[in-house]
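>>> 3D model of this:
(one chain, ligands or ions: 1)
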Amino acid sequence: MEHFEPSRRFGRLPRQLFAALIAATEARRAAGHDVINLGQGNPVDPTPEHIVRAMQEAVANPVYQRYIPFDGLPAFKEAAARWWGRRYGVDVDPATEVAVMIGVKVGLVEMSLLVANPGDKVAVPDPGYPDYWSGIALAGAELVPIPLRPERDYYPDWDALPRDVKLVFLNYPHNPTGQVATPAVFEQAVAYARRTGAVLVHDLAYGDIMFDGRPSLSFLATPGAKDVGLEFVSLSKSYNMAGWRIGMAAGNREVIHALEVLQDHLHCSQFGAIQIASIAALDSPPEVTERVARTYQERRDVFIGALDAVGWHIPPAAGGIFLWCPVPGGGDGEAFANFLLERADVVTAPGRGFGEEGRRFIRVALTQPTDRIAEAARRIARVLPEWLDLVARDPRAMMPKDVPAHSTSAR
Ligand SMILES: Cc1ncc(COP(=O)(O)O)c(C=O)c1O
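Here you go, the predicted model:
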């Protein structure tokens, strides 16, 4: 082989915008800078002790050192069904309506492979979580953005969406805007799916992280939801288990069955001990996730408060772990993110990494300890006048560039 020529399928994968940012961050760290990373949604807080203990016990059990059923442990599926019932009053059958996965990301990518033929349309929130794009690219499907704009409270305009879409992804609490669902949004989603025959996927990655006393909503609590789709739930943020790689889906039994058949060909479920420890997570008393939500709310308020005081007004997220920040002075998100790295040693994610609609935003992840979030806000406040001066002096240089957003992605 003179030169490795990857498949066309591989070639369609979006370039990761974060790769460049990580490289720049590491270069600054290596040069001795104290860099604060608010770029990635990777919580630094530890997994609760009772979950770690359950894992320690399970890992020593020879039963889980062997292959387990390829569609997951029945005990995990029962815990998942209990969780949907207790948390949302939703009734799901653990044997036929629940699937296990190696982190929700994998399941979301698999959904495009499962539903879309080459050329089929798959709709994703814009801005939105870019890993949906990966499955669409692998399936050779066509990505249709669902623009989510502040003037519509970051909710879809269903009438503007083509009627021949095969698969729709929704996600509330929303990465990156922090908007949360209403029953009406889910009812409209079910109505759209009924009208068009589309499969609807709701990604509930941040369901436990709701602010200011707002109630958490499950898509599956919407009448008719199980007829049209699935809901995916990640344990990564609710229990600080991002590295454990465990997630679950529930809903339409035909889709669940097909997802499990596909998984049987791709991987053999998640390590049984992780599933056992995850039962301990799902059965945790509510205080465990309430504490996590309180921590993120406190960090949100610290960050927003400090910047409000110097005239940068960031809308408070209603849920999730991110702030969606309009670039001060109306400049470009990528230019601003680069500026913050160079002048304040603070890493943020340029909004363009989440879709076309994100060009004039940056995303701040509240995943560092509160004192570091406060320090990041202080540093940004200090350099803000310099940025505003740059935008005022050379507005064109600070405006978004004309590069298609869906060819690059951040997380
Ligand atoms: C909206 C959304 N869905 C899914 C995921 C991935 O979750 P998991 O860690 O379970 O793969 C993330 C993680 O950042 C996310 O933001």
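
>>> how about Asn338, what does it touch?
Shown in contact with Asn338 (C-beta atoms under 8 Å, 6 or more residues apart in numbering): Ala24. All C-beta atoms are positioned from the backbone trio N, CA, C, and that covers glycine.

>>> buried set for stretch 294-302?
Thr295, Tyr296, Gln297, Arg299, Arg300, Asp301, Val302 (16 or more other C-beta atoms under 10 Å).

>>> could you do stretch 365-380 as well?
Ala365, Leu366, Thr367, Gln368, Arg372, Ile373, Ala374, Glu375, Ala376, Ala377, Arg379, Ile380.

>>> any chance of those residues in JSON lines, with distance to Pro6, pLDDT and secondary structure too?
JSON lines is the format used below for those (distance: C-beta to C-beta, whole Å; pLDDT from 0 to 100; DSSP: H, G, I helix; E, B strand; the rest coil):
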{"residue": "Ala365", "distance to Pro6": "31", "pLDDT": "97", "secondary structure": "strand"}
{"residue": "Leu366", "distance to Pro6": "37", "pLDDT": "98", "secondary structure": "coil"}
{"residue": "Thr367", "distance to Pro6": "33", "pLDDT": "95", "secondary structure": "coil"}
{"residue": "Gln368", "distance to Pro6": "36", "pLDDT": "96", "secondary structure": "coil"}
{"residue": "Arg372", "distance to Pro6": "39", "pLDDT": "97", "secondary structure": "helix"}
{"residue": "Ile373", "distance to Pro6": "40", "pLDDT": "98", "secondary structure": "helix"}
{"residue": "Ala374", "distance to Pro6": "45", "pLDDT": "98", "secondary structure": "helix"}
{"residue": "Glu375", "distance to Pro6": "42", "pLDDT": "98", "secondary structure": "helix"}
{"residue": "Ala376", "distance to Pro6": "38", "pLDDT": "98", "secondary structure": "helix"}
{"residue": "Ala377", "distance to Pro6": "42", "pLDDT": "98", "secondary structure": "helix"}
{"residue": "Arg379", "distance to Pro6": "41", "pLDDT": "98", "secondary structure": "helix"}
{"residue": "Ile380", "distance to Pro6": "40", "pLDDT": "98", "secondary structure": "helix"}
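
>>> the buried residues of stretch 294-302 in helices, which ones?
Thr295, Tyr296, Gln297, Arg299, Arg300, Asp301, Val302 (DSSP state H).

>>> so which of the residues you listed is the closest to the ligand?
Tyr296 (13.3 Å; C-beta to the nearest ligand atom).
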